[in-house]
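Engineer: Next one to model:
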Amino acid sequence: MASQLLPGERVSSYDVTKALGTDYYAVFEDVGGADRDAWSRARDVGARLAPLMLEAWERAEYPREALSELGAAGLFADGIDHPDVPALSPLAAGLVNMEVSRHDGSLGTVIAVQGGLALRTLALFGSEAQQAAWLKPLLSGEVPGAFALTEPDHGSDSTSLETSARRDGDGWVLRGAKKWIGNGASGGVTFVWARVDDEGAPDHGAVRCFLVEQDAPGYTGTVITGKVALRGIHQAHIALDDVRVPSDALLPGAHTFKDASRVLFATRSGVAWSALGHATACFEAALAYATERVQFGKPLARFQMVQERLSRMLAELTSMQLYCRRLADLEAAGALRPTQASLAKYHGTRTARDIARTARDVLGGNGILLENRVVQHLADIEAIHTYEGTESVQALLIGRDLTGVSAFA
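Structural biologist: Model prediction:
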């Protein structure tokens, strides 16, 4: 016999996680063909994995089956230009990032790490033999891929990285530490960026990249615990204690830190799209809740203050959509400058933060429940606001471009 609600609880839960298709300026109305197909695949996979990821987020677990499902759907291509990688236009890659992040931020970060960072590094700089061995396993999600640049002492100043690579006989010895490395303790491969320590050699002091299997002796990846954001994917603290790798572990196409920056620049656009996904989920949750929740005898949507907040959030969300669509158009035309990507990331994560905070407030006490997802998005936005270049770094890059004067210390 079904239990009856007691007085004071006519509504026990609210349906605020469904997609409403918000697109007030019809920014994406003309998307069709392969771009829409990729978007649809992302929507289907995101919806299917969302319940699993919600449980994983609460337990701070990383469900590896999610990696395989994203790979099977062809969502790791991330606009990478390579004959063995299915083509995704910049618009399609952006829509995939947006849609997956709308469902779950950890899933969006899985795509950013596996496709945007690891797979892109291999596709851009790897040898034919390295690509033959690892490209398809990374693309399918069979093998987790990590991109190890950030160090415990060097985040925003990653150009100062101290991890060293020393030639030794017919191989290399890597020594140093890395931190905040997605997939870095997941049993796959890590692309380690290190500075060559070889006095007298032409590349002494240069930053090179090495493909390191995570079961290599001396490689220790420890999952970072205590996170309050992106809890459905593990980041690792990596110790490289004289890790010996063969000479063919060196990626021949990566010669300087500028090559690492090339990868980061390509993923910066993805962060802007991911922020749009988070913001869309928060706005739509607030809109749905405002129509369902009754207080003082009428729906919240009938209160002037609530309508003003919804209008403000819509204006902010629409600006993000316009930024991202223009970003994709510029990239498709080969005209996107790095600082334009920086501006989109700068604006996107700041604006997503504002939308999420307002949405949390509209939901009142129900806004802090994971089942309504807003507080999860709010927490996850804090992570994407920082990674791939902090707000301050983006501002300095843009400011230098505007003024012609560097303000970096």
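
Engineer: who does whatever helix or strand residue 122 lives in touch, helix- and strand-wise?
Structural biologist: Per DSSP states H and E: residue 122 is located in helix 120-125. Applying 3 or more Cβ pairs under 8 Å, 6 or more residues apart in numbering; DSSP states H and E, one finds that helix 120-125 contacts helix 128-140, strand 207-213, helix 257-292. No exception for glycine: its C-beta is placed from N, CA and C like everyone else's.

Engineer: and the next element down the chain from the longest one?
Structural biologist: Okay, so that is helix 257-292. strand 294-295.

Engineer: And for that next one, what's in contact with it?
Structural biologist: Identification of contacts with strand 294-295 by Cβ atoms under 8 Å, 6 or more residues apart in numbering yields 11, 300.

Engineer: Just checking: what are the partner strands of it?
Structural biologist: Taking DSSP bridges as the criterion, strand 294-295 forms sheet pairs with strand 298-299 (antiparallel).

Engineer: now the strand it pairs with, how far from the centre of its chain.
Structural biologist: Distance of strand 298-299 from its chain centroid, counting by Cα atoms, centre = their mean, to the nearest Å, is 38 Å.

Engineer: Stretch 66-80 too?
Structural biologist: 13 Å.

Engineer: for it, which positions count as buried?
Structural biologist: 66-67, 69-71, 73-80 (16 or more other Cβ atoms under 10 Å).

Engineer: hmm, back to that, what mean pLDDT would you report for the helix holding residue 122?
Structural biologist: Helix 120-125 comes out with an average pLDDT of 97.

Engineer: Strands of the chain, start to end?
Structural biologist: 145-148, 164-168, 171-182, 189-196, 207-213, 219-223, 235-246, 294-295, 298-299 (DSSP state E).

Engineer: taking these together, which one is wrapped up most tightly?
Structural biologist: Highest mean neighbour count of these: strand 145-148, a mean of 29 (counted as mean count of other Cβ atoms under 10 Å).

Engineer: Can you tell me which helices and strands that strand packs against?
Structural biologist: Packing contacts for strand 145-148, counted by 3+ Cβ pairs under 8 Å, 6+ apart, involve strand 171-182, strand 189-196.

Engineer: who wins for proximity to residue 142 among the ones you listed?
Structural biologist: Set against residue 142 and scored by Cβ to Cβ, the helices and strands packed on strand 145-148 come closest in strand 189-196, at 11.2 Å.

Engineer: could you measure the residue nearest the centre of the chain against residue 62, distance?
Structural biologist: Residue closest to the average C-alpha location in the chain (Cα atoms, centre = their mean): residue 109, at 3.4 Å. Distance of residue 109 to residue 62, computed by Cβ to Cβ, to the nearest Å: 11 Å.

Engineer: coming back round to it: of all the helices and strands packed on strand 145-148, which lies closest to residue 6?
Structural biologist: strand 171-182 (45.7 Å).

Engineer: got the CA coordinates for stretch 209-224 in PDB?
Structural biologist: Output in PDB follows, covering the C-alpha atoms of stretch 209-224 (Å, rounded to 0.1, in the frame of the first residue of the first chain):
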ATOM      1  CA  CYS A 209      57.400  15.100 -23.200                       C
ATOM      2  CA  PHE A 210      57.700  11.400 -22.400                       C
ATOM      3  CA  LEU A 211      55.200   8.500 -22.600                       C
ATOM      4  CA  VAL A 212      55.300   6.700 -19.300                       C
ATOM      5  CA  GLU A 213      53.300   3.500 -18.500                       C
ATOM      6  CA  GLN A 214      52.000   3.900 -14.900                       C
ATOM      7  CA  ASP A 215      53.300   0.500 -13.900                       C
ATOM      8  CA  ALA A 216      56.900   1.600 -14.500                       C
ATOM      9  CA  PRO A 217      59.200   1.100 -11.500                       C
ATOM     10  CA  GLY A 218      59.500   4.300  -9.600                       C
ATOM     11  CA  TYR A 219      56.200   5.700 -10.800                       C
ATOM     12  CA  THR A 220      53.800   6.200  -7.900                       C
ATOM     13  CA  GLY A 221      50.400   7.700  -8.500                       C
ATOM     14  CA  THR A 222      48.400   8.500  -5.300                       C
ATOM     15  CA  VAL A 223      44.700   9.600  -5.600                       C
ATOM     16  CA  ILE A 224      44.200  13.000  -4.000                       C
END
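
Engineer: Tell me where this protein is predicted with low confidence.
Structural biologist: 1-3, 409 (pLDDT under 70).

Engineer: care to break it down by domain?
Structural biologist: When the chain is parsed with automatic domain parsing, its domains come out as 33-140, 145-256, 258-403.

Engineer: okay, these in JSON lines with distance to residue 26 next?
Structural biologist: Shown next, in JSON lines, are the domains of the chain (distance: least, Cβ to Cβ, whole Å):
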{"stretch": "domain 33-140", "distance to residue 26": "14"}
{"stretch": "domain 145-256", "distance to residue 26": "32"}
{"stretch": "domain 258-403", "distance to residue 26": "10"}
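
Engineer: Just name the most buried of these.
Structural biologist: When the domains of the chain are compared using mean count of other Cβ under 10 Å, domain 33-140 is most buried, at a mean of 21.

Engineer: before we move on, back to that, please tabulate the strands of the chain in JSON lines, including the columns distance to residue 5.
Structural biologist: Supplementary listing: the strands of the chain in JSON lines, determined by distance: least, Cβ to Cβ, whole Å:
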{"stretch": "strand 145-148", "distance to residue 5": "49"}
{"stretch": "strand 164-168", "distance to residue 5": "65"}
{"stretch": "strand 171-182", "distance to residue 5": "43"}
{"stretch": "strand 189-196", "distance to residue 5": "53"}
{"stretch": "strand 207-213", "distance to residue 5": "56"}
{"stretch": "strand 219-223", "distance to residue 5": "42"}
{"stretch": "strand 235-246", "distance to residue 5": "42"}
{"stretch": "strand 294-295", "distance to residue 5": "14"}
{"stretch": "strand 298-299", "distance to residue 5": "19"}
